[in-house]
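> what follows is a predicted protein model with its sequence.
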Amino acid sequence: MNLTIHRGTHEIGGSCVELATENTRILIDIGLPLVDEEGQSFNLGNYLKLSKAELVERKIAKDIPGLYKKDNDNKPPDAILISHSHPDHYGLLTFVKPQIPLYLSEGCLELIKATYYFKGINPDLDTVVIIENKKSISIGDFIITPYLVDHSGFDAYAFLIEAEGKRIFYSGDFRGHGKKRSLFDRFIENPPKDIDYLIMEGTGIEGKDCYYEKEEDLRDKLVTIFKENKSLIFFACSSQNIDRISSLYSACRRSGRILVLDPYTIYLLDVLRRRAPKIPQFDFKDIRVFFTSDSNTRRLADDKTLYKYKESKIAYDEIKEKKDSLVVKPSYGIRKAFAKNGYIEGSTLIYSMWSKYFENEKPFWDEYGISPMHVHTSGHAGVTQLKEFARALNPTTIIPIHTLSPDRFPEYFGSKVRMLSDGKPTEL
Ligand SMILES: [Zn+2]
Ligand SMILES: [Zn+2]
């Protein structure tokens, strides 16, 4: 069997792994890079009309035979497995031949569909097969068993892949300190046995810029801040970080504050309701929706979805009255509206994403003399957890992926490490 990591051996982002026997070829993840050619954060809209050759030339996609639309000279892969709904794992989907079967989780599918909905893209998802925790599937020569993992991406999976007597474990993105950390603990106690190759992410291998506070400790920290602080609080986090929004809501409940979200975030939570009934929803106690005037809200209004959220709508007079007991997630539309009405002055900002992302927003907050409190914990495993994970699986070989520093792996995993290069097939 051949392993080719098309992208990700020396990069965080754009993950794409191919495994091929003589009869069957599967891809695991088909990610977009995190940044464009200029090193700026990636905007898919700029690339949708490009041909495969242009995508490859601009280093957006790798030249993978048979994968892309209009490539009729090569046989398509037999399946694509997607580990989770972060664009660095599924982002090439719009360029891919629609007849290739796609294996992904229900939560992942809902978030991908919602993301495309807001971008006005109508992806072909007719070939989706929903995967479930520890339910094996067979694809040609391969047997694949998904393992639900703890990650900042919702409903994320690692994969055990078996073929030709070999057992390969692909970690996907994971951590052991989030809301689902009991999954990590149970996995460590009872890992799959006899692993030959572990393809393991190493985002946190450098130990820089990552805080490995437990998600529940972060929530407790928020409760204290929310109680002690007597002003309007803005809490900036990713709308797709469902664990964080759950922690945020829980902290609001424990401190008697009302959580205000924008319709975009509310919609993402709403589409996951069936998969995860406990995550915060627009009709939960003390959750309110501020109707922003932006393209996302217009889209929801145009297809009549917005109407559903009307019962939880918060208007300006109520904001004015309850200002100091609100926690508001500041989308661009909310920032604009709140600034216009004088609600930014004297407020508090908590920033709950990677601190580098704050640079884009900094000028806005600087104008009001507001500097953020950083309260965040990484979506990825730190060195200690990577070591625990690798020790539990005890593979013969460890192959680094999703890392800027594969050369740091031997420091922790010694001679087991085999560093690969993008696009070069390796026989397993
Ligand atoms: Zn991820
Ligand atoms: Zn990733």
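Looks like it arrived, so ask away. Ligands and ions are numbered 1, 2, ... in the order given.
> now the element after the helix or strand bottoming out on mean pLDDT in the chain, going C-ward?
Sorting the helices and strands of the chain by mean pLDDT, DSSP states H and E puts helix 52-57 at the bottom, at a mean of 90. As assigned by DSSP states H and E, the chain's next helix or strand after helix 52-57 is strand 79-81.
> Asn296 is in contact with Phe118, isn't it?
Yes: with contact defined as C-beta atoms under 8 Å, Asn296 reaches Phe118; the gap is 5.4 Å. C-beta here means a position set from N, CA and C on the backbone, and glycine is covered the same way.
> show me which residues of the chain sit near ligand 1.
His86, Gly153, Asp173 (C-beta under 5 Å from the ion).
> list residues touching both of Asn296 and Phe118?
Common contact partners of Asn296 and Phe118 (C-beta atoms under 8 Å, 6 or more residues apart in numbering): Tyr264.
> and stretch 398-414, how far apart are its ends?
From its first residue to its last, stretch 398-414 covers 9 Å (C-alpha to C-alpha, to the nearest Å).
> now do that stretch: everything it contacts.
With C-beta under 8 Å, 6+ apart as the test, stretch 398-414 has contacts from 3, 5, 8-13, 15, 17, 88, 171, 173, 197-203, 205-206, 383, 386-387, 390, 416-420.
> rerun at 7 Å
Contacts to stretch 398-414, defined as C-beta atoms under 7 Å, 6 or more residues apart in numbering, come from residues 5, 8-12, 15, 173, 197-203, 205-206, 383, 386-387, 390, 416-420.
> so which bits of that stretch are buried?
For stretch 398-414, the neighbour count (16 or more other C-beta atoms under 10 Å) marks Ile398, Ile399, Pro400, Ile401, His402, Thr403, Pro406, Arg408, Phe409, Tyr412, Phe413 as buried.
> assumed the third one was part of a strand.
Yes: judged by DSSP: H, G, I helix; E, B strand; the rest coil, Pro400 forms part of a strand.
> residue boundaries of the helices in this protein?
For the chain, the helices defined by DSSP state H occupy 52-57, 87-90, 106-119, 181-189, 215-228, 242-255, 263-271, 295-302, 316-322, 332-340, 358-366, 383-393, 409-413.
> which stretch among the ones you listed comes nearest ligand 2?
Smallest distance to ligand 2 across the helices of the chain (C-beta to the ion): 4.2 Å, for helix 87-90.
> show me how far the closest one is from its chain's centre.
Averaging C-alpha positions (C-alpha atoms, centre = their mean, to the nearest Å) puts helix 87-90 8 Å from its chain's average.
> cool, stretch 221-234 as well?
27 Å.
> how long is it end to end?
One end of stretch 221-234 to the other measures 15 Å (C-alpha to C-alpha).
> what of stretch 282-296?
Per C-alpha to C-alpha, stretch 282-296 runs 16 Å from first to last residue.
> and stretch 119-131, what's its mean pLDDT?
Model confidence over stretch 119-131, given as mean pLDDT, is 93.
> same thing with stretch 302-316?
96.
> buried sites along it?
For stretch 302-316, by 16+ other C-beta under 10 Å, it's Leu306, Lys308, Tyr309, Ser312, Ile314.
> out of the residues you listed, who's nearest ligand 2?
Closest to ligand 2, out of all of these and judged by C-beta to the ion, is Tyr309, at 30.6 Å.
> pretty sure the closest one contacts Pro263?
Yes: counting by C-beta atoms under 7 Å, Tyr309 touches Pro263, with 6.2 Å between them.
> next, count neighbours for Asp36.
Asp36 has 16 neighbouring residues, counting by other C-beta atoms under 10 Å.
> nearest spatial neighbour of it, skipping sequence neighbours?
Among residues not flanking Asp36 along the chain, Phe42 sits closest, at 5.4 Å (C-beta to C-beta, 6 or more residues apart in numbering).
> distance-wise, check that neighbour relative to Asn23.
35 Å (C-beta to C-beta, to the nearest Å).
> go on, Tyr307?
Taking C-beta to C-beta, one finds Tyr307 at 52 Å from Asn23.
> cool, Cys252 as well?
54 Å.
> okay, these two: which has more neighbours?
Set side by side, Cys252 and Asn23 show more neighbours around Cys252, with 25 against 10, by other C-beta under 10 Å.
> which other residues reach stretch 384-394?
Residues outside stretch 384-394 that contact it (C-beta under 7 Å, 6+ apart) are 169, 171, 175-176, 187-188, 191, 195, 198, 200, 202, 204-205, 381, 398, 412-413.
> wait, Tyr267 touches Ala114, no?
Yes: in terms of C-beta under 7 Å, Tyr267 counts as a neighbour of Ala114; the distance is 6.4 Å.
> between those two, which is the more surrounded one?
Neighbour totals were compared for Tyr267 and Ala114, and Tyr267 leads with 25 against 20 (other C-beta under 10 Å).
> okay, Ser231 and Tyr117: tell me how far apart.
35 Å.
> what about these two, which has more around it?
Shown here are Ser231 and Tyr117; by other C-beta under 10 Å, Tyr117 has more neighbours (19 against 13).
> still on that earlier bit, next, count neighbours for the residue nearest to Asp36.
Using other C-beta under 10 Å, Phe42 has 18 neighbouring residues.
> residues in contact with it?
Leu32, Pro33, Leu34, Val35, Asp36.
> swap in Glu106?
With C-beta under 7 Å, 6+ apart, Glu106 has these contacts: Ile130, Asp155, Arg275.
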